[in-house]
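**Student:** Test case, fold it:
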Amino acid sequence: MTVGITEPVPAPLQRSLRRAVLELARSERRRRFPPALRVGVPGGDRAAFSPAADAADHALRVEVVQAMVHRLDRALGPPLVWLTRPGPLDPEDVDLWWLAAVRAAVGELGLDARFVTVSRMAWRDPVTGVGREWPRPPRVRR
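**Tutor:** Below is the predicted model of the structure:
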């Protein structure tokens, strides 16, 4: 099941999500870039997938998420799934497609997971609306 992020956001989760934003800001300089899905730990063990523009098949997305989750070390705890994309983080179709796939995939696997959308300046949970935004890319505190 997907676990929505609520306030107050736990400090370890805040650090992980800040790192996801920073990694995207450092690695992606284009204004427009295709969405990419990542599963795991920002800055650590993770799997990445860049879907084709026409990857609109729900069953295929569910299989992709399941395969990505299986690649991770289960000792890390519930997986974090984040979709990176450009633009403001108001929910878009692509966010909701991948959210539905994550919910189905982790439900079938009997796991809990968190799903967020990440841009170069922010992250947001599309279900609860909880997120953080920075005027410029954040620094990662250890």
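
**Student:** what's the weakest-modelled helix or strand in the protein?
**Tutor:** None of the helices or strands of the chain scores lower by mean pLDDT, DSSP states H and E than strand 46-49, at a mean of 88.

**Student:** This protein: strands as residue ranges?
**Tutor:** Along the chain, the stretches classed as strands by DSSP state E are 36-40, 46-49, 80-84, 114-118, 122-124, 131-133.

**Student:** Direction included, what does the first one pair up with?
**Tutor:** In the sheet containing strand 36-40, the strands it pairs with under DSSP bridges are strand 46-49 (antiparallel), strand 80-84 (antiparallel).

**Student:** Distance check, the residue nearest the centre of the chain against residue 107.
**Tutor:** When C-alpha atoms, centre = their mean is applied to the chain, the residue found nearest the centroid is residue 82 (0.5 Å). Residue 82 sits 19 Å away from residue 107, going by C-beta to C-beta, to the nearest Å. To be clear about C-beta, it is placed using only N, CA and C from the backbone, and glycine gets the same treatment.

**Student:** list the contacts for residue 20?
**Tutor:** 38, 42, 82, 84, 116, 118, 123 (C-beta atoms under 8 Å, 6 or more residues apart in numbering).

**Student:** Name the nearest residue to it, sequence neighbours excluded.
**Tutor:** residue 42 (3.9 Å; C-beta to C-beta, 6 or more residues apart in numbering).

**Student:** ok so, going back, show me what counts as buried in the least confident helix or strand of the chain.
**Tutor:** 46, 47, 49 (16 or more other C-beta atoms under 10 Å).

**Student:** Just give me the closest of those to residue 33.
**Tutor:** The closest of these to residue 33 turns out to be residue 49 (C-beta to C-beta; 14.3 Å).

**Student:** Just the pLDDT for the nearest residue to the closest one once chain neighbours are set aside.
**Tutor:** Among residues not flanking residue 49 along the chain, residue 37 sits closest, at 4.7 Å (C-beta to C-beta, 6+ apart). Reported pLDDT at residue 37 in the predicted model: 95.

**Student:** same check, this time on residue 122
**Tutor:** In this model, residue 122 carries a pLDDT of 95.
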